[in-house]
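*Asks:* Just to be clear, the model below is a prediction. Sequence and coordinates:
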Amino acid sequence: MKQLAQGALADSDLLDEPPYGKTVNFPGGVKHPKERNADGADFRIADLEAEDAEAENGEAVETVAQSENSVTDLQTEDSGDTEKSFETENAENMETAAEECLAAAKQESYFGSVKFFKNMILLAVVIAIAVPTVLAVTFWRQGRAAAAALEGQKAALSDTLADLQVQYNQMAADKQAEETIWGGSVASQVVKTEPLDYQKMYPDFYVNTPVGATAQDTGTMYLTFDDGPSSNTPLLLSILRSKDVKATFFVVGGDTEKQRQWMRDIVEDGNTLGMHSYTHNYHMIYASVEAFLDDYYKLFTNIKEATGQTPTIFRFPGGSVNSYDYPVYREIVAEMLRRGFVFYDWNLSSGDASSNYMSPKRITANILDHAQESSRGIVLFHDAPSKDSTVEALAGVIDGLREQGFTFAPLTREVRPILFNYTDYQPD
């Protein structure tokens, strides 16, 4: 038994046997093996099994240790990479923050710095120089313009004074000549003639009121109606009232009470009443100056009696220049002007004097199509029982002229006459 055991145990180990039921495991543990057989065979087997277990335990421990070392190495490598990444990012962030801090520090350091105050002083100097310079240039230019304007006014005043001086000299010369003539130096040479016979006719057939200042009537239209009053007169007056327009009626006759009432209606509405002959008979009226005065004096008297007003304007039947008055035109004009009357022709005609029917549309076009050819106008209409189309056209004519920018007024002696050109007329 001892010989078998000697191959595995030292002699000292065999000398002192461990207590029964216990064995020593070289890793240091204590086992409770199975009970040995009497001959010691179980003890050897147990020892071999213990050695195998120990070897296996050693390998297992070594394997676990290697695995732990591998895991530790991998974790070390990963942590190393992560730490490197963090370090790079932190470095970049720190660099950016440093740059921002540096920029802010530079900006903060500029305000309040010496350079800042130098720039402020330079800016103040520039402003102090530029502002007075700009103001000086501006005032200089304005001064030049004002000086030029004053020079122009001075020149205009000089021209005006020169004109006044010329007028004064002329008036002085005229006064001196008048004093010389009527003072006796040439009085004996003045030939005194007797008045013409027609100048002695109708001493009350005169206008005794002076003419006022000339009307400034650019853009004015004067609506005139010849040959009335008639049954259409109330209709024409109604339209004029509705349009707030005053006009001029050159009337004839005036014998009947109805005609006189229409004359009064014309005047009461603020319109002008003018003379257009008593008979409207061309042959009789234009036979001579005397015949003309006879005819017009009758109408003059009728108007005064009907309305209480003295007519001051008139219109020739057929206009101032016609084939009937050609031989006596100058004498008639001279005599009527001498008596203080003013006559008016026209520059716009409605065309309603035609014996043929004239539609309202055509009458309107005859006036509106030519109105803007002149700065002012005297419009010829006719007030007769047969002129219904004139009544129908009147409102449209007024509206159309207003749309063209014209205003309306009645004729007075202060209005500059529109006259036919006598020299252009050639009798048949």
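*Replies:* That came through, no problem. Residues are numbered from 1 along each chain as shown.
*Asks:* which is the next helix or strand following the strand ranked longest in the chain?
*Replies:* The strand of greatest length in the chain, counted in residues with DSSP state E as the criterion, is given as strand 220-228. Scanning forward in sequence from strand 220-228 by DSSP states H and E, the next helix or strand is helix 233-243.
*Asks:* Return the set of buried residues in that following helix.
*Replies:* When neighbours are counted by 16 or more other Cβ atoms under 10 Å, the buried residues of helix 233-243 are found to be Thr233, Leu235, Leu236, Leu237, Ile239, Leu240. Yep, even glycine has a C-beta here, placed from its N, CA and C like the rest.
*Asks:* Tabulate these (TSV), appending distance to Pro195 and pLDDT.
*Replies:* Converted to TSV, the buried residues of helix 233-243 look like this (distance: Cβ to Cβ, whole Å; pLDDT from 0 to 100):
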residue	distance to Pro195	pLDDT
Thr233	39	98
Leu235	46	98
Leu236	41	98
Leu237	42	98
Ile239	46	98
Leu240	42	98
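*Asks:* Within its sheet, name the partner strands of the longest strand of the chain and how each one runs.
*Replies:* The sheet places strand 220-228 alongside strand 248-251 (parallel), strand 377-382 (parallel), strand 407-408 (parallel), with pairing taken from DSSP bridges.
*Asks:* pLDDT below threshold where in the protein?
*Replies:* Applying pLDDT under 70 to the chain picks out residues 1-87, 89-90, 101-112, 174-192, 422-428.
*Asks:* If we use 80, what do you get?
*Replies:* Regions of the chain meeting the criterion pLDDT under 80 cover residues 1-95, 97-117, 143, 154, 157-158, 160-193, 355, 421-428.
*Asks:* what's the closest non-adjacent residue to Thr407?
*Replies:* Taking Cβ to Cβ, 6 or more residues apart in numbering as the measure, Thr407 lies nearest to Thr220, with 5.4 Å between them; neighbours along the chain are not counted.
*Asks:* With Ser349 instead?
*Replies:* Counting by Cβ to Cβ, 6+ apart, the residue nearest Ser349 is Leu380, at 4.6 Å.
*Asks:* tally of neighbours for that neighbour?
*Replies:* Per other Cβ atoms under 10 Å, the neighbour tally for Leu380 reads 24.
*Asks:* Could you measure from the closest residue to Gly405 other than its chain neighbours over to Ser242?
*Replies:* With Cβ to Cβ, 6+ apart as the criterion, Gly405 has its nearest non-adjacent residue at 6.3 Å, and that residue is Gly219. As defined by Cβ to Cβ, to the nearest Å, Gly219 lies at a distance of 22 Å from Ser242.
*Asks:* and what of Glu268?
*Replies:* Distance of Glu268 to Ser242, given as Cβ to Cβ: 16 Å.
*Asks:* who's in contact with His283?
*Replies:* By Cβ atoms under 8 Å, 6 or more residues apart in numbering, the contact list for His283 reads Tyr324.
*Asks:* So what does it have for phi and psi?
*Replies:* The main-chain torsion angles of His283 are listed as degrees, to the nearest 10 and equal phi -60, psi -40.
*Asks:* how near is it to Gly351?
*Replies:* 25 Å.
*Asks:* Outline the domain layout of the chain.
*Replies:* 2-79, 111-181, 200-424 (automatic domain parsing).
*Asks:* Mind putting those into CSV with distance to Asn93?
*Replies:* CSV is the format used below for the domains of the chain (distance: least, Cβ to Cβ, whole Å):
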stretch, distance to Asn93
domain 2-79, 21
domain 111-181, 28
domain 200-424, 82
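*Asks:* if you compare those, which one is most tucked away?
*Replies:* With neighbours defined by mean count of other Cβ atoms under 10 Å, none of those is more surrounded on average than domain 200-424, at a mean of 17.
*Asks:* now it, how far from the centre of its chain.
*Replies:* Taking the mean C-alpha point of domain 200-424 and that of its whole chain, the gap between them comes to 43 Å (Cα atoms, centre = their mean, to the nearest Å).
*Asks:* just so I know, which of the domains of the chain lies nearest Thr96?
*Replies:* When these are ranked by proximity to Thr96, the top entry is domain 111-181, at 23.7 Å, counting by Cβ to Cβ.
*Asks:* re earlier: in contact with the residue nearest to Ser349, which residues?
*Replies:* Taking Cβ under 8 Å, 6+ apart as the criterion, Leu380 is in contact with Thr224, Asp226, Trp346, Leu348, Ser349, Ser350, Ala353.
*Asks:* Among those, name the ones in strands.
*Replies:* Among the contacts of Leu380, the subset assigned to strands under DSSP E consists of Thr224, Asp226, Leu348, Ser349.
*Asks:* How about the contacts made by the last one?
*Replies:* Pointing back at Ser349 there. When contacts are counted by Cβ under 8 Å, 6+ apart, Ser349 is found next to Asn366, Ile367, Val379, Leu380.
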